[in-house]
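Novice: Requesting a structural model of the entry that follows:
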Amino acid sequence: MIKRWTLFGICFFVCSLLCSQTIIEAPQSVDRLKVLRRVSAKYIRSQSKSLATKSEAAILEELRELYLKEVKDIVLVPKAKAIDLNETLKGSEAALNAQMDKDLPIPSEAELEALAEKTYPLYKKGEKVQVAYASGNPEIPNMIEGYFRGKVGPYIRVGNNAIRLQDIKVVDGNELELLKFDKDATEIKRKEFIAATVEELNQKRSEYLRGKRAEVTSRLVADAVQKNENAGYTYLAGEWLSTDALLKLAIAQIKERLDDKVRREAESAKAAERNAIDRQVESLLAAQKVMPPGERLNPEAIMAKQAADEAARIAAAAKEKADKEAAAAAAAEQKAAEEARAERAAAEAAAKAKAEEEARLAKQAQEAKAREDELANEAKKQADIKAEKLKKTVIITVVAAAAGLIIILPIVSTIISRKNRKDPFAKFFEGKGKLQKDFWDAANSNPEHFKYVAYMFPTVQEATTALSKLSYITIDGHGDLHCTRDIQYGVYPHLDGAVCFIGGTNFHYALWREASAVLPELENATYFKVSTEPEVKLELPDLAKLSADKQVKIEDLGTEDIESETGEFNRLFKYKTESMETALDFLDTLDINEAGIIIQVQTPEGIVGKDENGVFSLEA
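Specialist: Numbers count the residues shown, from 1 in each chain. Below is the predicted model:
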């Protein structure tokens, strides 16, 4: 019985060692511990008494000999310190980042800009181009090939031919081709492309970290485990032990089991001795009837002494058991604390690495956005400077015109007020369906001259408010919309929202440009339908012919859309010449009959311009 109990204790000890391997997969360590279980059991069976008389060195030598017979090619004394798995976990994050930089490198700003230029190229003067455009039917476009000579207002020059940009735009599939002639729009596309590329790359890098972290960590830990085991270490309870250190732990357990065996055998001998005394007492009690009184034994004294000895034995056994349990509990608590500290350290290292990576990605995104905001602010600043110059010091050239306006203004006001009262579109649409039907019928029947802008909003109220954001539409206290121009407008429910629309045959470029710029920028706006831009009613002179006829030099500086303080948009045609006299003569050749069109000429003496009201000057 004693032998069976001792072998059970050894099995329990070795099983507890094996269970510790669930945290780290160390296959060689598991095999070595299995061998140690068999060797320890065999060694215990070979000992008949306690090992107190043997030195620990002698026991270690005997146990090592048995162990090395079954474990081959193990290094007894490791030459290097065991690799710390906690440090390996920390290093896995650095290795993961290095691998990510190799698999998903971050391109430089120059590389991003080069990629954006390749994706959205621009035509240069002198470059040979081939352009499809519609002179009549957009479905049967014309094709022209030649050398690009530059852009003049709404036209481009290919060889000796001037092609209207609008004629290129209406041909299906020409969107990217048209963009190659528009420097400003192409720059915007390039910036959007760079921002989208950076954002996509950051997203891929984040997904890469999430997908590869477990794989890299597992691989590095497995590599560290293999190196430690090959160096002669065995993993047990969170520690790497050399062969002798492992055997010394086993010796401590073996000693405890053998001491317990000896103690139980001594207790068994004492029990046999007590049984013999009991039998002797019984025999003496029976015999004292014939013995002299002075020679009789005292059974009460004998039994009292036996009871005292038994009580002392029980107390000593209880104290020994309590001491062992307390020592085992303290060891278990210390082991749990050490494992908890190791787990916390690994978790903190992983969390810190993750936080640092997220902070780095956030910083990159913030820097990219800051660069975009800086470019946008600079562009807005330049636009504001140009608009401010345009608004300064308008000189009315004919004083009589002012007097005439004073006389005519009341009459015009009366006519407009009467017209507004009769205008069927001046009243906010109340949902009976006719207004939008007439509007879209007119737009579909006359697409060349009937231009429009329509956007969708979640509610009728939001759609109504959106129209009131235009400079030429107001809303009164009753919620009705009013317009100062002869155009059609309104709001009607559609699906789960409401559509606001505005347009007409008098919906000229400046009005169309303002609506197409303001409405999509409003909150909750959704694109519904927008026509092509109205043709600017302005006949531009042939500068080459004009210079040849009059021996003057006039340079085309291009066109620009500007916004006034009231929110109105204007198309600005810019020129440059050598004198104020030449500039005024040039302006006299132009007839402007449409609001929102401005001709501006720069001269050394200052800037002059012309709009539908006449000639004016600006401070240089």
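
Novice: When you work out contacts or count neighbours from here on, use the C-alpha atoms and nothing else.
Specialist: OK.

Novice: helix or strand for the residue nearest in space to the middle of the chain, which one?
Specialist: Nearest residue to the geometric centre of the chain (C-alpha atoms, centre = their mean): residue 203, 5.1 Å. Element membership for residue 203 (DSSP states H and E) is helix 183-230.

Novice: ok, now residue 438?
Specialist: Element membership for residue 438 (DSSP H and E) is helix 434-445.

Novice: ok now the helix or strand that contains residue 356, how far from the chain's centre?
Specialist: Assigned by DSSP H and E, residue 356 falls within helix 299-391. Relative to the mean C-alpha coordinate of its chain, helix 299-391 is positioned 26 Å out (C-alpha atoms, centre = their mean, to the nearest Å).

Novice: so what secondary structure elements neighbour it?
Specialist: helix 85-103, helix 183-230, helix 243-287, strand 554-563, strand 614-618 (3 or more C-alpha pairs under 8 Å, 6 or more residues apart in numbering; DSSP states H and E).

Novice: How far does the helix holding residue 203 sit from its chain's centre?
Specialist: Mean C-alpha position of helix 183-230 versus that of the full chain (C-alpha atoms, centre = their mean) differs by 11 Å.

Novice: what are the bridge partners for residue 162, then?
Specialist: On the basis of DSSP bridges, residue 162 is bridged to residue 157.

Novice: Kindly report the same for residue 501.
Specialist: Applying DSSP bridges to residue 501 yields these beta-bridge partners: residue 454, residue 490.

Novice: Contact partners for it?
Specialist: Applying C-alpha atoms under 8 Å, 6 or more residues apart in numbering, we find residue 501 in contact with 452, 453, 454, 455, 489, 490, 491.

Novice: So which other helices or strands are in contact with the helix holding residue 203?
Specialist: Here helix 183-230 touches helix 85-103, helix 109-119, helix 299-391, going by 3+ C-alpha pairs under 8 Å, 6+ apart.

Novice: hmm, who's touching stretch 340-348?
Specialist: 86, 89, 90.

Novice: and which of those is nearest residue 230?
Specialist: Closest approach to residue 230 among the contacts of stretch 340-348 (C-alpha to C-alpha): residue 86, at 19.0 Å.

Novice: per-residue pLDDT, the closest residue in space to that closest one that isn't next to it in sequence?
Specialist: Closest residue to residue 86 apart from its sequence neighbours, by C-alpha to C-alpha, 6 or more residues apart in numbering: residue 346 at 6.0 Å. Reading off the confidence values, residue 346 has pLDDT 87.

Novice: what does residue 428 give?
Specialist: Residue 428 is assigned 37 on the pLDDT scale.

Novice: Lowest mean pLDDT among the helices and strands, pick that one out for the chain.
Specialist: Scoring the helices and strands of the chain by mean pLDDT, DSSP states H and E places helix 2-19 at the bottom, with a mean of 42.

Novice: which element follows it toward the C-terminus?
Specialist: helix 27-46.

Novice: and that following helix, what other elements does it pack with?
Specialist: Other helices and strands packing on helix 27-46, by 3+ C-alpha pairs under 8 Å, 6+ apart, are helix 2-19, helix 56-70, strand 234-236, helix 243-287.

Novice: Would you list the phi and psi of residue 233?
Specialist: phi -90, psi 150 (degrees, to the nearest 10).

Novice: quick one: contacts for it?
Specialist: For residue 233, the contacting residues are 78, 82, 240, 241, 242, 243, by C-alpha under 8 Å, 6+ apart.

Novice: okay, now the closest residue to it other than its chain neighbours: neighbour count?
Specialist: Leaving aside its sequence neighbours, residue 233 sits nearest to residue 242 (C-alpha to C-alpha, 6+ apart; 4.8 Å). Residues lying near residue 242 (other C-alpha atoms under 10 Å) number 22.

Novice: now swap in residue 321 and tell me
Specialist: By other C-alpha under 10 Å, the residues close to residue 321 number 12.

Novice: go on, residue 568?
Specialist: 17.

Novice: Let's see the pLDDT reported for it.
Specialist: For residue 568, the model assigns a pLDDT of 76.

Novice: Test my guess that it contacts residue 512.
Specialist: No: the criterion here is C-alpha atoms under 8 Å, and residue 568 misses it with residue 512 at 10.3 Å.

Novice: so who does residue 453 touch?
Specialist: 501, 502, 503, 512, 515, 516, 529, 530, 531.

Novice: wait, which of those residues is closest to residue 135?
Specialist: In terms of C-alpha to C-alpha, no member of the contacts of residue 453 lies closer to residue 135 than residue 531, at 18.2 Å.

Novice: ok, now how distant is that closest one from residue 505?
Specialist: Separation of residue 531 from residue 505 (C-alpha to C-alpha, to the nearest Å) stands at 12 Å.

Novice: what's the answer for residue 519, then?
Specialist: For residue 519, the distance to residue 505 (C-alpha to C-alpha) stands at 20 Å.

Novice: repeat for residue 514
Specialist: Counting by C-alpha to C-alpha, the gap from residue 514 to residue 505 is 16 Å.

Novice: Compare the two (neighbour count), which wins?
Specialist: Of the pair residue 514 and residue 505, residue 514 is the one with more neighbours under other C-alpha under 10 Å, namely 21 against 18.

Novice: Quick check: that one touching residue 568?
Specialist: Yes: with contact defined as C-alpha under 8 Å, residue 514 reaches residue 568; the gap is 6.2 Å.

Novice: hey, what's in contact with both of the two?
Specialist: Shared contacts of residue 514 and residue 568 (C-alpha under 8 Å, 6+ apart): residue 470.

Novice: Determine the three-state secondary structure at residue 585.
Specialist: Assigned with DSSP: H, G, I helix; E, B strand; the rest coil, residue 585 falls in the helix class.

Novice: Now do the same for it: its pLDDT.
Specialist: Listed pLDDT for residue 585 reads 85.

Novice: just residue 354 next, same as before
Specialist: 87.

Novice: which non-adjacent residue is nearest residue 528?
Specialist: Nearest one to residue 528, counting by C-alpha to C-alpha, 6+ apart, is residue 455 at 4.7 Å.

Novice: ok, the one you found - contacts?
Specialist: Residues near residue 455 by C-alpha under 8 Å, 6+ apart: 499, 500, 501, 519, 520, 525, 526, 527, 528, 529.

Novice: cutoff 6 Å now
Specialist: For residue 455, the contacting residues are 499, 500, 526, 527, 528, by C-alpha atoms under 6 Å, 6 or more residues apart in numbering.

Novice: among these, which ones are buried?
Specialist: 499, 500, 526 (16 or more other C-alpha atoms under 10 Å).

Novice: Return the closest of these with respect to residue 583.
Specialist: Nearest to residue 583 among the buried ones among the contacts of residue 455, counting by C-alpha to C-alpha, is residue 500 at 43.0 Å.
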